[in-house]
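Engineer: Coordinates for the following, if possible.
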Amino acid sequence: MSSVLPFPSPPSRAPEAASKPSRAPKPHHTGHRERLRARARGAGIHHLPDYELLELFLFRSQPQGDVKPIAKALLARFGSLAAVLAAPVEDLGTVKAEDSKGRTKGVGAETALDLAALHEVARRVIKEQAAKRTVISSWTALLAYVRLSLQHEAREQFRVLYLDRYRAFRKTLAMSAFGA
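Structural biologist: Have a look, this model is predicted:
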């Protein structure tokens, strides 16, 4: 009957070619967050490098988009994870990074505040642990405490440490700060 039609019938397609839709390849960062979470659950969070640990935290502050460039830019700017967390909110807000699509993204005010809050949580945990045990049992222990508590302060400080007769901390007071 096709010979009766004024135009020829279209060529038939192979059935397997018609059943496969053509898809563009997925970008490499698709599913990155879930893969990173799975690696943290599987191998343990303590095995993650600093930038990936920072990424996990940034996922909560920035629920969409690629945060790896921001995590790496923060570490490059401040030098270490501890220095990133101890950085002033104003300095954190100046950090910019280019994402995988070539867009410039920065650390917003909310993210900077979240990082400052994480630092305060860590500081309080350390302080609580120090208050529960005898910290100053030697000069080495005193130096370790002072180094830990003052290493990321922007200004020099004069502090008074109050101990009880068992050399356990009672309180620490910053009497004055020097420098710019």
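Engineer: Any chance you could list what contacts the longest strand along the chain?
Structural biologist: The residue-count maximum for a strand in the chain (DSSP state E) belongs to strand 169-178. Residues outside strand 169-178 that contact it (C-beta atoms under 8 Å, 6 or more residues apart in numbering): 130-131, 135-136, 149, 153, 155-164. Placement of C-beta: from N, CA and C, glycine included.
Engineer: same check, this time on stretch 59-68
Structural biologist: Contacts for stretch 59-68 (C-beta under 8 Å, 6+ apart): 29, 32-33, 51, 55, 58, 70, 99-100, 105, 108, 110-111, 114-115.
Engineer: Just want the angle from the helix with the most length in the chain to strand 169-178.
Structural biologist: Counting residues, the longest helix in the chain under DSSP state H turns out to be helix 109-131. For helix 109-131 against strand 169-178, the angle by axes from the mean of the first three to the mean of the last three C-alpha atoms, to 10 degrees is 130 degrees.
Engineer: Where is pLDDT lowest across the contacts of strand 169-178?
Structural biologist: The lowest pLDDT within the contacts of strand 169-178 belongs to Val135, with 60.
Engineer: Quick check: closest non-adjacent residue to Leu161.
Structural biologist: Nearest residue to Leu161, sequence neighbours excluded (C-beta to C-beta, 6 or more residues apart in numbering): Thr172, at 5.4 Å.
Engineer: For His152, see how far away the one you found is.
Structural biologist: Distance, Thr172 to His152, using C-beta to C-beta, to the nearest Å: 16 Å.
Engineer: Leu163 bridge partners, please.
Structural biologist: For Leu163, the beta-bridge partners under DSSP bridges are Phe169.
Engineer: Helices of this structure, start to end?
Structural biologist: Under DSSP H, the chain gives helices at 15-19, 32-43, 50-61, 68-78, 81-86, 89-92, 109-131, 139-150.
Engineer: In JSON lines, list the ones you listed along with mean neighbour count and distance to Ser176.
Structural biologist: Shown next, in JSON lines, are the helices of the chain (neighbours: other C-beta atoms under 10 Å; distance: least, C-beta to C-beta, whole Å):
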{"stretch": "helix 15-19", "mean neighbour count": "8", "distance to Ser176": "77"}
{"stretch": "helix 32-43", "mean neighbour count": "13", "distance to Ser176": "43"}
{"stretch": "helix 50-61", "mean neighbour count": "18", "distance to Ser176": "33"}
{"stretch": "helix 68-78", "mean neighbour count": "19", "distance to Ser176": "26"}
{"stretch": "helix 81-86", "mean neighbour count": "18", "distance to Ser176": "20"}
{"stretch": "helix 89-92", "mean neighbour count": "16", "distance to Ser176": "23"}
{"stretch": "helix 109-131", "mean neighbour count": "14", "distance to Ser176": "20"}
{"stretch": "helix 139-150", "mean neighbour count": "13", "distance to Ser176": "13"}
